[in-house]
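I'll drop the sequence and a predicted model, then ask my questions.
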Amino acid sequence: MAFPGGGKKGFKGGKGGGMGGKGGFAAKQMDEPQVSQLDESTVQMYEAMFGPANEDDAARNLMINYIPNRVTEDELRMVFSVYGPVEHLRIICDKNTNESKGYGFVKYLYGISAYSAVSFLTGYQVYHKRLKVSYAHQDQAAAHIASPATQAMWERQLPKLMEYYMNCQESYGAFMQRMQQLSNPMGMGHDFGPPGHPYAIMH
């Protein structure tokens, strides 16, 4: 089993523009100090399941582009949490108006979760936009993923990620129903569907 570099859609997060990639003001914002949004007991619980949470930040930090203005951080966290525990997430807002700028960052507790999110959430439609998800520091992430030690660790973690994913389905289903009502109050069809299953990263 192997985890190809960057997931099935690649490090650049699919086609299209955006503010992701190497360098730039947005990438510098990713480097600003981040306060973990998980308490110590929660981290210990996940470490008992997945193992020590000590991977390089570059393998866990992602940038999200094309976030619809109506989406809140709590809603976005619900989507990204399907692939593993989220340590930190924020949507960048204008300092004067507090309106979303349409991009943000997510930091997972584990690298395999970030890898899965890049693989499955790039191109994922949320309301009228399709997300672009990429590593905030692509070169460093590529080196981490290519490491034999990382490959072996992720292979061990994958069954636990599968279990975590399945346990998310009940709460995620309720969330999806609520988002459908918000997106299409008249009951029309919508594209805000569930992300892909993490098992597919093996194929």
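Sure thing, it's come through. Numbering: from 1, shown residues only.

right, and the helix or strand after the helix or strand containing residue 118?
Element membership for residue 118 (DSSP states H and E) is helix 111-121. As assigned by DSSP H and E, the chain's next helix or strand after helix 111-121 is strand 125-126.

Show me what that next one pairs with in its sheet, parallel or antiparallel.
In the sheet, strand 125-126 lines up against strand 129-130 (antiparallel) (DSSP bridges).

Skip ahead from the partner strand and say which helix or strand is next.
Immediately after strand 129-130, counting by DSSP H and E, sits strand 132-135.

re earlier: and the helix holding residue 118, what other elements does it pack with?
Counting contacts by 3 or more Cβ pairs under 8 Å, 6 or more residues apart in numbering; DSSP states H and E, helix 111-121 packs against strand 61-65, helix 73-80, strand 100-108, strand 132-135, helix 138-146, helix 148-183. Placement of C-beta: from N, CA and C, glycine included.

Turn the ones you listed into a markdown table, columns for mean pLDDT.
Below are the helices and strands packed on helix 111-121 laid out as a markdown table (pLDDT from 0 to 100):
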| stretch | mean pLDDT |
| --- | --- |
| strand 61-65 | 97 |
| helix 73-80 | 90 |
| strand 100-108 | 96 |
| strand 132-135 | 96 |
| helix 138-146 | 94 |
| helix 148-183 | 77 |
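
looking at the ones you listed, which is closest to residue 197?
helix 148-183 (6.8 Å; Cβ to Cβ).

could you measure the closest residue to residue 153 other than its chain neighbours against residue 120, distance?
Counting by Cβ to Cβ, 6 or more residues apart in numbering, the nearest residue to residue 153 once its immediate chain neighbours are dropped is residue 51, at 7.4 Å. As judged by Cβ to Cβ, to the nearest Å, residue 51 and residue 120 stand 22 Å apart.
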